[in-house]
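Pasting the sequence and the predicted coordinates here, then a few questions.
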Amino acid sequence: AQSVTQPDIHITVSEGASLELRCNYSYGATPYLFWYVQSPGQGLQLLLKYFSGDTLVQGIKGFEAEFKRSQSSFNLRKPSVHWSDAAEYFCAVFRGGGKLIFGQGTELSVKP
Amino acid sequence: EAQVTQNPRYLITVTGKKLTVTCSQNMNHEYMSWYRQDPGLGLRQIYYSMNVEVTDKGDVPEGYKVSRKEKRNFPLILESPSPNQTSLYFCASSYRGDQYGYTFGSGTRLTVV
C-alpha cells in the first residue's frame, strides 16, 4: 500500500541547532511530496513541495528538503532552529486523483 | 484574501443528532477534501471531490456524507454522530491536485457526547 512514515514522533532540539525531520514514502510512481507545518491551535501551512527536477527544494521559513529516490526519503532540514519553529510537522504524498496521504506527524520542541 | 473557511470552529453535540460542518473556498479550486486529525494517527482523508457532483471515498468514510453541488462549497454531514467521531476536522481545497497540494482551513473541533 502507498503510505508515508515519519519515524520520529517527538524531537527536541536546542535553539540555534540544526534540524532534520525524517520522512519515508512508499509509492510506485514518481511521487508528489509535501511538508506541512501545524502550529498549536492552527490549520496546516504548506512549507515546501517536490514534484520533479532539482531534488533539493527550498521552502518558506528557511526550510529545505531533499528527495532521495534510492532511499524513498524526503527529509526536512533547517540549519538553525528558532523557538517559533516549535510545531507539528507532517510529510505527505499525493497518491493520484484527490488523495493526499499524510504521515503520523513529528512534534518539534525547541529548548532555549 | 484567498482562503478556506469552515464553520463552526467548535461544536459539541449529542450522539445521534445530525449535524453539518460547512466548508467554502474562494480560490475557484477544482478539488476539495475533508480530513480528520487524531493524536498519533496524523490526518486521515474522509472524502474528496475532484469537481462538482464528483465525490469519492478517502480512507475513513464510514459515518460521513458529503455533497458538491457548487464548486465553492463542500459540506461534511454526520447523519448520526457517535463518540468515536470526536475529532479535529479540516477542510482543504486544491487547484488541481498533484503538485499543487491542498490549502487547509482552520479546523473544526467536534465533540460528540
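Looks like it arrived, so ask away.

Show me what the residue nearest the centre of chain B is bridged to.
Centrality entry for chain B: nearest residue to the mean C-alpha point is residue B:34, 2.8 Å, by CA atoms, centre = their mean. Residue B:34 has these beta-bridge partners by DSSP bridges: residue B:47, residue B:91.

cool, and residue A:44?
Under the criterion used (DSSP bridges), residue A:44 bridges to residue A:38.

Quick check: which ranges of the chain have low pLDDT?
Chain wasn't specified; assuming chain A. The model of chain A has pLDDT under 70 over residues A:1-2, A:28.

Any residues of it in contact with chain B? List them.
A:6, A:9, A:32, A:34, A:36, A:42-46, A:49, A:51-52, A:90, A:92, A:94, A:97-105 (CB under 8 Å from any CB of the partner chain). Bear in mind the C-beta positions are built from the backbone N, C-alpha and C, glycine included.

Could you identify the buried members of those?
The neighbour-count test (16 or more other CB atoms under 10 Å in any protein chain shown) marks A:6, A:32, A:34, A:36, A:43-44, A:46, A:49, A:51, A:90, A:92, A:94, A:98-105 as buried among those.

Need the nearest residue in space to residue 31, chain neighbours excluded.
Unless you meant another one, I'm taking chain A. residue A:93 (5.0 Å; CB to CB, 6 or more residues apart in numbering or on different chains).

wrong chain, I was asking about chain B
Per CB to CB, 6+ apart, closest to residue B:31 is residue B:94, 4.0 Å.
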